[in-house]
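In: This is a predicted model, with the sequence first.
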Amino acid sequence: MNAGIRIENLSKKYGNVQALKSINLDINSGELFGLIGPDGAGKTTLFRLLATLLLPDVGSAQMCDIDIVGGYKQIRNLLGYMPGKFSLYQDLSVIENLEFFATVFDTRIEDNMDMIHDIWVQIEPFKDRLAGNLSGGMKQKLALCCALIHQPKVLLLDEPTTGVDAVSRSEFWQMLKSLKSKGITIVVATPYMDEANLCERVALIKDGEILQVNTPQEIVGQFERNLYTIKSEDNYQSLLDLREFEFTNSVFLFGQSLHYTDVRKEFSLEEVNSYLKHKGRLHLEIEQIKPGIEDCFMALSTKNDGHE
Amino acid sequence: MDMNSDVKVIKVKNLCKKFGDFTANDNLSFEVSKGEIFGFLGANGAGKTTAIKILCGLSYPSSGEISVAGFDVYKQREQLKRNIGYMSQKFSLYEDLTVFENIRFYGGIYGLSKEVIHSKADDLLKKLDLQHARNKRISSLPLGWKQKLAFSVAIFHDPEIVFLDEPTGGVDPVTRRQFWDLIYEASRQGITIFVTTHYMDEAEYCDRVSIMVDGKIEALDTPAKLKEDFNAEDMDQVFLALARKAINIE
């Protein structure tokens, strides 16, 4: 079965706000696909359209070769959807929630245990606890079990890792990898740029528009300038100094250093070095590095709206 | 950055907080200097929120000696609250009030006079380049503007310390960095910054970082020293090395 998603010219407006602007996107059957963008980019709107919970203003989309408007009833059986906001019944126990979702889809937990087993064993010790009393990481695992109980072909996960600490985030991505091996198409929305590298392909999305779609490696490969990392005894002061430098194209804080691009194609690093030295910076270290997804996102998004 | 290490604006000695049998904060001791950017990290459920509530005078500790901005958390909570600012991603501004109404409201809460509020509001809107949005409702503003405004409102009454609880969650990477510009600027003016975040690159921007695991502070130092101690390339590795040891991790 083709469990791919084809999105053509999809637009959605809320009042005066154009949430999605003519989106075109193909997601392959069995792919682990990332939708990477900040709050307000349109990720949730796109998910709600694909989950048949909203109607598009313009455009169309097919999932598993079925139209999301005309075939919404079939799509709901083929789709697992985990919304960004915890949407299970807080006043039901863990096992009651899972039974409820199994019943809604006219199936039984026992018949689908192979699908959820690896995740279920982690929350089974708490199966009689009310869902409202679970910790954040446990709620997330229960929500994932409930989204998988009817063996969907496509799984939509809306920011499953937002507000989740680094350890739980890495565990969650392990679970997704093992689900992918079962052949499910998985689309994950996330505001964390570093999670892009865990996907096969990603769409970078901002202000309702797709900036780029590609593999993380290709996106990074298309970065247009040479990128340099600059360290000194006072990175924030270096940042302020470089903003005044006549050849600066972009300069941003990046963890323990700055990331810098120059407006010129050919130039000597010594020039940047001596400028900063002249400004009083000490212990300068400048070297060329490979860009990451976050560098690319920032370059693409500042190119699009200029002023930021 | 411009730390005056002689002046400690947060002093915590043997802070414990228990809920029934559960120890949320287990004997915490640390000090924060004036103007310092102090990162307060930990996994979900490690006890960060419990500690922040105590430091903000919203919850009593079970035991320990704690003073914030020179005020005792048991006996001088009202003075303490007047000398701190607070901002979180969840609660910041009133969406159905305008930009100026929000400023006036917070200024009023902190007891600033009408004249002071007006003149400071003018300066603030000019600095943020938001003069045109003065009478717009918060709900109509882009998220990045809201957050810059929320931070500025949190320090509008010139507090000694501002507590930032995950201030940058979900924000795009350019806006996130613009937000850190404001943090550095405030720090240079002598405001102490106490910040929590899940972004490990932001941990690198702090002067010192503490990492909580299961209610205890397991590490506290400059990012450079922590990386050295844990033989790690970045703060992400330091955090993972510590947090994986947790028992009651979420």
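Out: On my side now, so go ahead. Residues are numbered from 1 along each chain as shown, chains lettered A, B, ... in the order given.
In: Any residue of the helix ranked longest in chain B touching chain A?
Out: When chain B is parsed with DSSP state H, its longest helix is helix B:173-188. Yes - Helix B:173-188 reaches chain A (Cβ under 8 Å from any Cβ of the partner chain) through B:173-175, B:177, B:180, B:184. Glycine gets a C-beta too; all of them are placed from N, C-alpha and C.
In: Not counting the next helix-or-strand element following that helix itself, show me its contacts.
Out: Counting by DSSP states H and E, the element after helix B:173-188 in chain order, helix or strand, is strand B:192-196. In this structure, residues lying in contact with strand B:192-196 by Cβ atoms under 8 Å, 6 or more residues apart in numbering or on different chains are B:9-10, B:32-42, B:48, B:52, B:55, B:160-167, B:183, B:186-187, B:202, B:206.
In: returning to what we had before: would you list the residues of helix B:173-188 next to chain A in JSON lines and tack on distance to B:Leu143, neighbour count and pLDDT?
Out: Shown next, in JSON lines, are those (distance: Cβ to Cβ, whole Å; neighbours: other Cβ atoms under 10 Å in any protein chain shown; pLDDT from 0 to 100):
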{"residue": "B:Pro173", "distance to B:Leu143": "13", "neighbour count": "20", "pLDDT": "87"}
{"residue": "B:Val174", "distance to B:Leu143": "12", "neighbour count": "21", "pLDDT": "86"}
{"residue": "B:Thr175", "distance to B:Leu143": "7", "neighbour count": "20", "pLDDT": "85"}
{"residue": "B:Arg177", "distance to B:Leu143": "14", "neighbour count": "20", "pLDDT": "90"}
{"residue": "B:Trp180", "distance to B:Leu143": "16", "neighbour count": "21", "pLDDT": "92"}
{"residue": "B:Tyr184", "distance to B:Leu143": "21", "neighbour count": "19", "pLDDT": "93"}
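In: can you list the domain ranges for chain A.
Out: As given by automatic domain parsing, the domain ranges for chain A are A:5-215, A:224-290.
In: Close to chain A: what parts of chain B are there?
Out: B:1, B:42-45, B:142-143, B:166, B:169-175, B:177, B:180, B:184, B:198-201, B:204-205, B:223-224, B:234-236, B:239-240, B:243-244, B:246, B:249-250.
In: quick one, what contacts the closest residue to B:Lys17 other than its chain neighbours?
Out: Excluding its sequence neighbours, the residue lying closest to B:Lys17 (Cβ to Cβ, 6 or more residues apart in numbering or on different chains) is B:Asn25, at 4.1 Å. Under the criterion of Cβ under 8 Å, 6+ apart, the neighbours of B:Asn25 are B:15-17, B:47, B:50-51, B:54, B:61, B:215.
In: low-scoring stretches of the stretch 201-308 of chain A, by residue?
Out: A:304-308 (pLDDT under 70).
In: How about it: which residue is closest to chain B?
Out: A:Gly255 (4.0 Å; Cβ to the nearest Cβ).
In: how about the helices in the stretch 201-308 of chain A?
Out: In the stretch 201-308 of chain A, the helices defined using DSSP state H, counting those that start in this stretch lie at A:216-221, A:235-243, A:269-278, A:293-305.
In: Take those and lay them out in TSV including mean neighbour count.
Out: Formatted as TSV, the helices of the stretch 201-308 of chain A follow (neighbours: other Cβ atoms under 10 Å in any protein chain shown):
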stretch	mean neighbour count
helix A:216-221	16
helix A:235-243	19
helix A:269-278	14
helix A:293-305	19
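In: Contact residues of chain A facing chain B?
Out: A:37-41, A:135-138, A:159, A:162-168, A:170, A:191-193, A:206, A:234, A:236, A:252-256, A:294, A:297-298, A:301-302, A:308.
In: Run a quick neighbour tally on B:Arg176.
Out: 25 (other Cβ atoms under 10 Å in any protein chain shown).
In: And for it, nearest residue in space, chain neighbours not counted?
Out: In space, B:Arg176 is closest to B:Thr168, 4.7 Å off (Cβ to Cβ, 6+ apart).
In: Work out for me the element the one you found sits within.
Out: Here B:Thr168 is assigned to no helix or strand, by DSSP H and E.
In: What's the local residue count around it?
Out: Neighbours of B:Thr168 (other Cβ under 10 Å): 23.
In: what about it, distance to A:Ala147?
Out: 28 Å (Cβ to Cβ, to the nearest Å).
In: With distance to A:Ser60 added, can I get the residues of helix B:173-188 next to chain A in CSV?
Out: Putting these into CSV (distance: Cβ to Cβ, whole Å) gives the following:
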residue, distance to A:Ser60
B:Pro173, 32
B:Val174, 33
B:Thr175, 33
B:Arg177, 38
B:Trp180, 42
B:Tyr184, 48
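In: List the residues that contact A:Ser257.
Out: A:229-231, A:235, A:285.
In: mind redoing it with 6 Å?
Out: A:229, A:231 (Cβ atoms under 6 Å, 6 or more residues apart in numbering or on different chains).
In: so what pLDDT did the most centrally placed residue in chain A get?
Out: Residue closest to the mean C-alpha point of chain A, counted by Cα atoms, centre = their mean, is A:Thr190 at 2.6 Å. In this model, A:Thr190 is scored at 89, pLDDT.
In: quick one: strands adjacent to the lengthiest strand in chain B?
Out: The longest strand of chain B (DSSP state E) is strand B:4-19. Strands adjacent to strand B:4-19 in the sheet, as given by DSSP bridges, are strand B:22-34 (antiparallel), strand B:63-68 (antiparallel).
In: Pull out the CA atoms of that strand and give them to me as CSV.
Out: C-alpha atoms of strand B:4-19 as CSV (Å, rounded to 0.1, in the frame of the first residue of the first chain):
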residue,chain,number,x,y,z
ASN,B,4,30.6,42.1,40.9
SER,B,5,31.4,38.9,42.8
ASP,B,6,31.3,40.7,46.1
VAL,B,7,27.6,41.2,46.0
LYS,B,8,25.5,38.0,46.3
VAL,B,9,21.9,38.7,45.4
ILE,B,10,20.7,35.1,45.9
LYS,B,11,21.9,33.1,48.9
VAL,B,12,20.6,29.6,49.4
LYS,B,13,21.9,27.4,52.2
ASN,B,14,20.6,23.8,52.7
LEU,B,15,17.2,24.4,51.0
CYS,B,16,14.9,21.4,51.5
LYS,B,17,11.3,21.1,50.3
LYS,B,18,9.2,18.1,50.9
PHE,B,19,5.8,17.2,49.7
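In: what's the angle between that strand and strand B:192-196?
Out: 40 degrees (axes from the mean of the first three to the mean of the last three Cα atoms, to 10 degrees).
In: tell me how far strand B:4-19 is from the chain's mean position?
Out: Distance of strand B:4-19 from its chain centroid, counting by Cα atoms, centre = their mean, to the nearest Å, is 15 Å.
In: in it, what counts as buried?
Out: B:8-10, B:12, B:15, B:17 (16 or more other Cβ atoms under 10 Å in any protein chain shown).
In: residues touching residue 239, list them.
Out: Looking at chain A here, since you left the chain open. Counting by Cβ under 6 Å, 6+ apart, the residues that A:Leu239 touches are A:Leu258.
In: if you could check chain B rather than the one you did, that'd help
Out: A:166, B:200.
In: Which helix or which strand is home to it?
Out: helix B:235-243.
In: So, low pLDDT: which residues of chain B?
Out: B:1-5, B:90-91, B:246-250.
In: check contacts around A:Leu276.
Out: Counted by Cβ under 6 Å, 6+ apart, A:Leu276 has contacts A:Leu284.
In: make it 7 Å
Out: By Cβ atoms under 7 Å, 6 or more residues apart in numbering or on different chains, the contact list for A:Leu276 reads A:232, A:238, A:241, A:284.
In: ditto for A:Pro56
Out: Here A:Pro56 is in contact with A:10-12, A:49 (criterion: Cβ under 7 Å, 6+ apart).
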